[in-house]
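Peer 1: Any chance you can model this:
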Amino acid sequence: MQPQDVAPRPAPVSPPAVEALFAEHYPRLVRLAHLVLPPGLGGHRRVLTAHALAQRALPRGRALAAVIPAQSGSRHAGGRDEEQGYALLRLRVVRAALEADRPPRAGARPRLFPLPPLLPQVWGLRLLPRSGGAGEPALEQGLSALSGPARAAYVLRGLEGLPEDEVREVLAGAGVADPGAAVRAAAAVPPRDDLLRSPGLDPCVLRVRPTDLTRRRQHAKAALAAAAAVAVCGALLVVPGGGWGPDGAAAPSDAQNPAALAALDPAALTRAAPTAWRTSARTDFSVWPARGALTGDRALLRRALAVWARPGQHVQVSATPGTPAGGPSGPPQLLYAGRVDAARVVLLYDGLRIVRYAEPQSGTDRAALDLARADTAAGAEAEAVVLGRTAGTVRYLTAPWVTGAAERDLLRPSAGARDLRPAGGVTAPLASPAQRSGACTSWNVLRLADGSGTRLLADLGELVPAHLTVGRPAAPREASGSAGLRAWAPLACSLAAVRSAGVRSVNAWEYARQPLPDGSGAAEWVCTRADTWRGDEPRVLAQFRTPGGRSGAVAARAEDVAACGAKDPHVLAGVLWRSAGGAWYLLAAGSGDLASVRVSGGVRGSARGNLLAVRTERGARAGLRGTLADGRAAAGLR
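Peer 2: Now for the predicted structure:
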């Protein structure tokens with residue numbers, strides 16, 4: 001078996017493919033939104049909101065691109081573009097429906113549920129799904145007892161037919177902090193796939209009833225009076241010096257809470273002394289000084305704080321999985337305010353999160369807000385933050401103690417590094433694999449140097465780059481040396497599997513070398529473990545590489561396990577391998593502390609030590625078990 005390159009992010013989906021899929025699967029998307037929406041919306045409003053969310057799922061503009069990989073279990077498409085296009089539409093519907101069930105942000109205006117948009121809208125009529133069978137009320141009651149993410153997990157599994165791992169991927173892409181808990185909660189409700197597809201829960205087949213005509217006329221008169229009052233108040237609110245005007249793209253607010261108002265005061269921002277990092281024992285963001293040419297622009301800082309507290313409809317918000325999305329509880333620390341390429345950028349830190357606010361140079365009515373967890377970050381994890389991304393490149397702001405920054409290609413360990421010449425802590429742009437699609441022909445990383453050594457950081461699509469290390473999990477080493485670069489070269493493209501997952505660090509450990517049965521050399525077994533900022537759901541890959549292979553083949557993968565980590569530095573995995581002569585073998589290898597390995601099922605065999613090779617046939621399936629030197633059992637990764 002020859003190792004295969006790990007596929008990077010899929011190619012963009014063409015606009016006609018997405019539009020055609022939208023028209024074809026519109027009823028299914030509406031049903032998906034209707035089932036995930038909170039039952040408390042009421043029948044009429046729930047139907048209209050489901051249609052509105054499905055219509056909003058179609059991205060705008062000519063460049064429509066998939067934001068999640070194609071789902072291998074999808075039954076809705078016949079080709080790659082169709083899989084990716086439907087996955088994109090489904091993700092956007094689930095994300096919007098879950099937003100209706102999330103609690104309001106701190107300091108935000110009270111809300112009941114998201115208001116139906118201008119379209120679709122119905123006046124004078126009530127629209128309700130048709131009455132169904134006796135089992136539907138029980139299903140509705142069961143769904144209403146679940147949280148929004150758990151309800152989405154139940155529907156994705158029953159209506160869409162997705163396996164649990166793909167359900168977790170969709171929920172993570174929709175911004176759910178703990179997809180695993182949502183899947184487990186959904187499993188507690190008995191499956192009723194037939195009811196999920198029943199006509200009684202179809203929001204496209206409706207009953208029409210009139211509303212109360214007398215009450216509607218009374219409401220029309222009241223609305224005219226209210227409109228006149230709003231016009232007068234609106235003129236007062238938008239005057240310079242107060243109201244909505246200074247807050248740019250932030251949503252309107254009438255909050256008068258003194259603590260909330262203090263958090264929005266640019267004069268109250270905390271700033272570390274320019275030389276605090278030289279004398280402090282800390283090496284985290286709290287000792288970063290405020291840098292940039294716009295640190296004195298109070299209007300810009302006011303807009304950044306206001307948008308963080310209450311993002312408006314023209315603010316593009318993203319957050320690392322597990323990151324609280326609420327506004328600051330008190331005055332945060334200013335890290336940077338300046339011009340980066342074609343934008344004005346502000347970086348803030350509140351002890352838990354790094355927040356990046358960006359607005360175009362030419363206006364303030366639109367903005368982007370990115371949030372990422374950075375609690376307990378220190379050393380290498382607090383040495384760089386993304387300032388901006390443009391045309392496939394990324395710029396960083398580096399820590400004040402960083403003495404040098406360079407760009408390296410992990411796929412070419414013997415090639416030299418390109419000096420990024422940071423000015424005022426801001427690096428020159430470097431290629432970003434996080435924004436690339438197509439073949440994995442390079443993987444550029446940031447190499448930083450300080451008084452204690454050098455380290456590698458990888459851009460995985462988030463504000464804080466991931467720290468790359470090598471070696472045994474209990475004592476990892478920096479990957480910036482020649483040995484570390486050679487170790488990461490065949491593994492670099494596998495980092496695509498953990499993009500946008502809230503990854504804090506990734507360690508690569510060669511845990512075994514196995515002589516091949518045909519005498520053609522020794523294969524390498526490596527496990528990579530990606531730990532997250534939230535501390536749960538780490539992602540572990542076991543990879544197998546034959547002599548001369550450019551990259552490793554993924555032999556096993558697992559999530560939310562202790563294997564290959566500091567708490568459980570053990571790993572066991574197997575792979576089917578074909579020799580040059582055409583013979584098939586099951587090869588298995590574990591970490592050095594395994595006393596024996598055995599295989600059962602379609603293949604049977606055992607061996608003392610941590611290596612096993614058994615002759616078998618193509619397509620054989622088997623289970624692996626190992627025994628540690630102290631007698632404990634060790635299960636194989638799958």
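Peer 1: Just give me the neighbour total for the closest residue to residue 149 other than its chain neighbours.
Peer 2: For residue 149, ignoring the flanking residues on the chain, the nearest one in space by Cβ to Cβ, 6 or more residues apart in numbering is residue 182 at 3.6 Å. (Each C-beta comes from the backbone N, C-alpha and C, glycine too.) For residue 182, the neighbour count with other Cβ atoms under 10 Å is 26.
Peer 1: And residue 182, how far from residue 269?
Peer 2: From residue 182 over to residue 269 the distance is 37 Å, taken as Cβ to Cβ, to the nearest Å.
Peer 1: My guess is residue 415 contacts residue 406. True?
Peer 2: No. Contact status for residue 415 versus residue 406: not in contact, 11.5 Å apart, counting by Cβ atoms under 8 Å.
Peer 1: The residue nearest to residue 149: what's it in contact with?
Peer 2: Taking Cβ atoms under 8 Å, 6 or more residues apart in numbering as the criterion, residue 182 is in contact with 147, 149, 150, 152, 153, 171, 176.
Peer 1: is it possible to export those residues to JSON lines including distance to residue 353 and pLDDT?
Peer 2: As requested, those are exported to JSON lines (distance: Cβ to Cβ, whole Å; pLDDT from 0 to 100):
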{"residue": "147", "distance to residue 353": "23", "pLDDT": "88"}
{"residue": "149", "distance to residue 353": "21", "pLDDT": "91"}
{"residue": "150", "distance to residue 353": "26", "pLDDT": "89"}
{"residue": "152", "distance to residue 353": "25", "pLDDT": "90"}
{"residue": "153", "distance to residue 353": "26", "pLDDT": "90"}
{"residue": "171", "distance to residue 353": "21", "pLDDT": "90"}
{"residue": "176", "distance to residue 353": "18", "pLDDT": "89"}
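Peer 1: now, which of those sits nearest residue 556?
Peer 2: Nearest to residue 556 among those is residue 171, at 22.9 Å by Cβ to Cβ.
Peer 1: of the contacts of residue 182, buried ones?
Peer 2: Neighbour counting by 16 or more other Cβ atoms under 10 Å classes 147, 149, 150, 152, 153, 171, 176 among these as buried.
Peer 1: Now, those that are in helices?
Peer 2: Mapping the buried ones among the contacts of residue 182 onto helices (DSSP state H) picks out 149, 150, 152, 153, 171.
Peer 1: measure the residue nearest to residue 149 to residue 318 for me?
Peer 2: For residue 182, the distance to residue 318 - Cβ to Cβ - is 20 Å.
Peer 1: Then residue 364?
Peer 2: Taken as Cβ to Cβ, the span from residue 364 to residue 318 is 20 Å.
Peer 1: Who has more neighbours out of residue 415 and residue 406?
Peer 2: Taking neighbours as other Cβ under 10 Å, residue 415 and residue 406 compare with residue 406 leading, 20 against 11.
Peer 1: tell me the contacts of the more buried one?
Peer 2: Neighbouring residues of residue 406 by Cβ under 8 Å, 6+ apart: 417, 418, 419, 420, 446, 447, 449.
Peer 1: for the closest residue in space to it that isn't next to it in sequence, what are its contacts?
Peer 2: Computed as Cβ to Cβ, 6+ apart, the closest residue to residue 406 that is not its neighbour in sequence is residue 417, at 3.8 Å. Residues in contact with residue 417, defined by Cβ under 8 Å, 6+ apart, are 406, 407, 408, 447.
Peer 1: Show me which positions of the helix or strand where the last one lies end up buried.
Peer 2: This points to residue 447. If you go by DSSP states H and E, residue 447 is part of strand 444-450. The neighbour-count check on strand 444-450 (16+ other Cβ under 10 Å) flags 444, 445, 446, 447, 448, 450 as buried.
Peer 1: who does the longest strand seen in the chain pair up with?
Peer 2: Criterion DSSP state E: the longest strand present in the chain is strand 503-515. Strand 503-515 pairs in its sheet with strand 466-470 (parallel), strand 522-532 (antiparallel), by DSSP bridges.
Peer 1: Report the rounded mean pLDDT for it.
Peer 2: Computed over strand 503-515, the mean pLDDT rounds to 95.
Peer 1: how about the CA coordinates for it, as PDB?
Peer 2: The C-alpha trace of strand 503-515 is given here as PDB (Å, rounded to 0.1, in the frame of the first residue of the first chain):
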ATOM      1  CA  VAL A 503      -6.300  24.000  17.900                       C
ATOM      2  CA  ARG A 504      -3.800  25.200  20.400                       C
ATOM      3  CA  SER A 505      -0.800  22.900  19.600                       C
ATOM      4  CA  VAL A 506       0.000  19.900  17.500                       C
ATOM      5  CA  ASN A 507       2.700  17.300  18.500                       C
ATOM      6  CA  ALA A 508       4.200  14.700  16.200                       C
ATOM      7  CA  TRP A 509       5.700  11.600  17.700                       C
ATOM      8  CA  GLU A 510       7.400   8.700  15.900                       C
ATOM      9  CA  TYR A 511       6.300   5.900  18.200                       C
ATOM     10  CA  ALA A 512       7.600   2.900  16.200                       C
ATOM     11  CA  ARG A 513       9.700   1.700  13.300                       C
ATOM     12  CA  GLN A 514       8.600  -1.600  11.700                       C
ATOM     13  CA  PRO A 515      10.700  -3.800   9.400                       C
END
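Peer 1: Perfect, I'm done here.
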